[in-house]
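Q: 3D model of this:
(2 chains)
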Amino acid sequence: NAGVTQTPKFQVLKTGQSMTLQCAQDMNHNSMYWYRQDPGMGLRLIYYSASEGTTDKGEVPNGYNVSRLNKREFSLRLESAAPSQTSVYFCASRGGVPYEQYFGPGTRLTVT
Amino acid sequence: AQRVTQPEKLLSVFKGAPVELKCNYSYSGSPELFWYVQYSRQRLQLLLRHISRESIKGFTADLNKGETSFHLKKPFAQEEDSAMYYCALSGGSNYKLTFGKGTLLTVNP
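A: Got it, this is the predicted structure:
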């Protein structure tokens, strides 16, 4: 099992460009999450999908959109990138008991 | 609202010394608490969950509901323990995780 995979690993964008971060999991988990990690801020939840077909905003959703394509895949889209979106993005998934989340390797995004 | 506080951004100890990483939480119900570890530029990995009462890599953590704390302890730190440690709380039907801001542990030789 690959667990949670993310593409790309690194990306540099110019202000105003758009891109989609991809995430997939092969653990048959219902719930999937997108976080951003910034120095001194910990991990902050951007969006999550409790189950296939549903998505909800997290703590910092502005400037992002998500799509739960199917049970395996959950993508994060930046429509018009801004320097404030420079961050490391982590995708995670969660199965049943005992409810911990499993994380992908992260995408390091720089917006210039 | 749920909140996790890790009061120390940085913690530095010498190899062989005891280490305690503090975590306090705020939650009105019965929380599930976790410790995650992130080694340099790697993904977050689950270290401990309070419900299991286990010891992983020599680390233990006890949930103290009276003090609303879930401190992580290890009696003898090793250099390979150097990493970022995050305390996290899960509560509610959607099982979102709320993370603390993390403590960077450095174990010096």
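Q: every contact and neighbour count from this point should use C-alpha atoms.
A: Fine.
Q: is the residue nearest to residue B:10 when sequence neighbours are not counted bridged to anything, and to what?
A: Of all residues not flanking residue B:10 in the chain, residue B:104 sits nearest, at 4.8 Å (C-alpha to C-alpha, 6 or more residues apart in numbering or on different chains). When assigned by DSSP bridges, residue B:104 has beta-bridge partners residue B:10, residue B:84.
Q: isn't residue B:104 right next to residue B:83, touching?
A: Yes. Applying C-alpha atoms under 8 Å, one finds residue B:104 in contact with residue B:83, separated by 5.9 Å.
Q: pLDDT value on the residue nearest to residue B:10, please?
A: At residue B:104, the model reports a pLDDT of 96.
Q: now do the SS call for the residue nearest to the spatial centre of chain A.
A: In chain A, the residue lying closest to the centroid (C-alpha atoms, centre = their mean) is residue A:34, at 3.0 Å. Here residue A:34 is recorded as strand under DSSP: H, G, I helix; E, B strand; the rest coil.
Q: OK, contacts around the residue nearest to residue B:10?
A: Contact analysis of residue B:104 by C-alpha atoms under 8 Å, 6 or more residues apart in numbering or on different chains lists B:9-11, B:82-85.
Q: cool, residue A:3 as well?
A: Counting by C-alpha under 8 Å, 6+ apart, residue A:3 makes contact with A:25-27, A:102, A:104.
Q: near chain B, which residues of chain A?
A: When proximity is defined as C-alpha under 8 Å from any C-alpha of the partner chain, chain A approaches chain B at A:40-44, A:50, A:98-106.
Q: now the strands for chain A?
A: In chain A, the segments counted as strands under DSSP state E are A:4-7, A:10-13, A:19-25, A:31-38, A:42-49, A:56-57, A:64-68, A:74-78, A:87-94, A:101-103, A:107-111.
Q: now render those as a markdown table, adding mean pLDDT.
A: Formatted as a markdown table, the strands of chain A follow (pLDDT from 0 to 100):
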| stretch | mean pLDDT |
| --- | --- |
| strand A:4-7 | 96 |
| strand A:10-13 | 96 |
| strand A:19-25 | 97 |
| strand A:31-38 | 95 |
| strand A:42-49 | 93 |
| strand A:56-57 | 94 |
| strand A:64-68 | 96 |
| strand A:74-78 | 97 |
| strand A:87-94 | 96 |
| strand A:101-103 | 92 |
| strand A:107-111 | 97 |
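Q: out of the ones you listed, nearest to residue B:49?
A: Closest of these to residue B:49 is strand A:101-103, at 11.0 Å (criterion: C-alpha to C-alpha).
Q: what does the closest one contact?
A: The contact list for strand A:101-103, computed with C-alpha under 8 Å, 6+ apart, reads A:3-4, A:90-95, B:43-46.
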